[in-house]
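Asks: no FASTA, just this:
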């Protein structure tokens, strides 16, 4: 029995301890500071004699790649999760302080509970697999930095050829234990509309730069809308998430409006479609409002990814889910994650499966069920033990 497992009364105690420690290590964006969490995970892996490599990105940011050796040279299986979390506006609205990692007997509370619940399940599976003698293939566990922004961790692993030869990827993201088979693409735009100051009392003289910015978003959305949505991803969305504009007094129209546009698009829409829609919209509104300058910058563009819901790896997962008495619900994810960086480069079968709710609209009292972490740790271990096909 491994050293770590001897000091706990049960797997539940071990999982709870690991998750609470991870929550208390602050890794929220934009700073990240994932290196602190990586060092803690390394201390656990060393106790189980699991080989690992820490990839440093600078600024106390780091990614960790661990490997549990199998008996054959079959293509490795990769489990890939992340350590960064969304930042906090305030701690005052939390009933449970976001870094205390409170446990009420069922749920663990804290910032990053959902993402770090997946990391906890991966750590548990890795330590259990390290004790097995019947593991056929190598199993990799990647804990990345910066999943929620630029993906520096995933990019460093892919571009550094750390994933060469990998045969399948399970992305550990919050899916509420459902089987994820698709992810929306993401485009983040910065837009600026420049016009001229005008008096609110003289509407014919005005240049309403705020109205033009909103019209830009509406036109762009209409060009990307699909008549038939995706069964797991719904339809494309295009929303303004921030507007900056200020006249020098309350009765004057401002001469500049700037903001952000967030686009979540379907697998049927490729990069060229996005670029063409932006170019056409800019051209149309420049002609309609010749007195204005419209500038658009693409800050981030990641393509959508999807698996056939009846693909062999998805069917294997469903079969194992039934054996483990888990619900075989399939879903797609709308949020940004490492799937869109790794999958286009590797071209391998993938799935997206993890504990925790796929809900990012709530910024208070984030929570995860401890039992779901144990279920997923058990699934990861069982799936890794299957003979490669």
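Replies: Ah, there it is. Note that the structure is predicted; figures quoted are calculated from it, not measured.

Asks: over to residue 230: give its phi and psi.
Replies: When quoted as degrees, to the nearest 10, the phi and psi of residue 230 stand at phi -90, psi 140.

Asks: by contact count, what packs against the host helix or strand of residue 182?
Replies: Using DSSP states H and E, the element containing residue 182 is strand 179-183. The contact analysis (3 or more C-beta pairs under 8 Å, 6 or more residues apart in numbering; DSSP states H and E) places strand 179-183 against strand 305-306, helix 312-323, strand 330-333, strand 350-352. The C-beta positions use only the backbone N, C-alpha and C, and glycine is treated the same way.

Asks: can you pull out the strands in the stretch 201-350 of the chain?
Replies: 237-244, 252-253, 256-265, 293-302, 305-306, 330-333, 350-352 (DSSP state E, counting those that start in this stretch).

Asks: likewise the stretch 1-150 of the chain?
Replies: Assigned strands in the stretch 1-150 of the chain, in chain order: 51-58, 61-68, 77-82, 107-109, 139-144 (criterion: DSSP E, counting those that start in this stretch).

Asks: could these go into JSON lines alongside distance to residue 325?
Replies: Output for the strands of the stretch 1-150 of the chain, formatted as JSON lines (distance: least, C-beta to C-beta, whole Å):
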{"stretch": "strand 51-58", "distance to residue 325": "33"}
{"stretch": "strand 61-68", "distance to residue 325": "26"}
{"stretch": "strand 77-82", "distance to residue 325": "21"}
{"stretch": "strand 107-109", "distance to residue 325": "21"}
{"stretch": "strand 139-144", "distance to residue 325": "23"}
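
Asks: any idea which of those strands gets closest to residue 341?
Replies: Proximity to residue 341 (C-beta to C-beta) singles out strand 139-144 among the strands of the stretch 1-150 of the chain, at 9.2 Å.

Asks: reformat the strands of the stretch 1-150 of the chain as TSV; add mean pLDDT.
Replies: Shown next, in TSV, are the strands of the stretch 1-150 of the chain (pLDDT from 0 to 100):
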stretch	mean pLDDT
strand 51-58	96
strand 61-68	98
strand 77-82	98
strand 107-109	95
strand 139-144	98
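
Asks: and those as CSV, adding distance to residue 197 and mean neighbour count?
Replies: As requested, those are exported to CSV (distance: least, C-beta to C-beta, whole Å; neighbours: other C-beta atoms under 10 Å):
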stretch, distance to residue 197, mean neighbour count
strand 51-58, 43, 14
strand 61-68, 43, 24
strand 77-82, 46, 26
strand 107-109, 49, 21
strand 139-144, 47, 27
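
Asks: so what's the residue nearest in space to the middle of the chain up against?
Replies: Nearest to the mean C-alpha position of the chain, by C-alpha atoms, centre = their mean, lies residue 337 at 2.7 Å. Contact analysis of residue 337 by C-beta atoms under 8 Å, 6 or more residues apart in numbering lists 82, 147-148, 171, 173, 183, 352.

Asks: how is this protein partitioned into domains?
Replies: 3-183+305-385, 185-302 (automatic domain parsing).

Asks: and among these, the most buried is which?
Replies: Each of these was scored by mean neighbour count; the highest is domain 3-183+305-385, a mean of 19, by mean count of other C-beta atoms under 10 Å.

Asks: return the distance of it from the chain's centre.
Replies: Offset of domain 3-183+305-385 from its chain centre (C-alpha atoms, centre = their mean, to the nearest Å): 11 Å.

Asks: stretch 259-267 now?
Replies: 15 Å.

Asks: ok, now stretch 277-287?
Replies: Centroid separation for stretch 277-287 versus its chain: 31 Å, with C-alpha atoms, centre = their mean.
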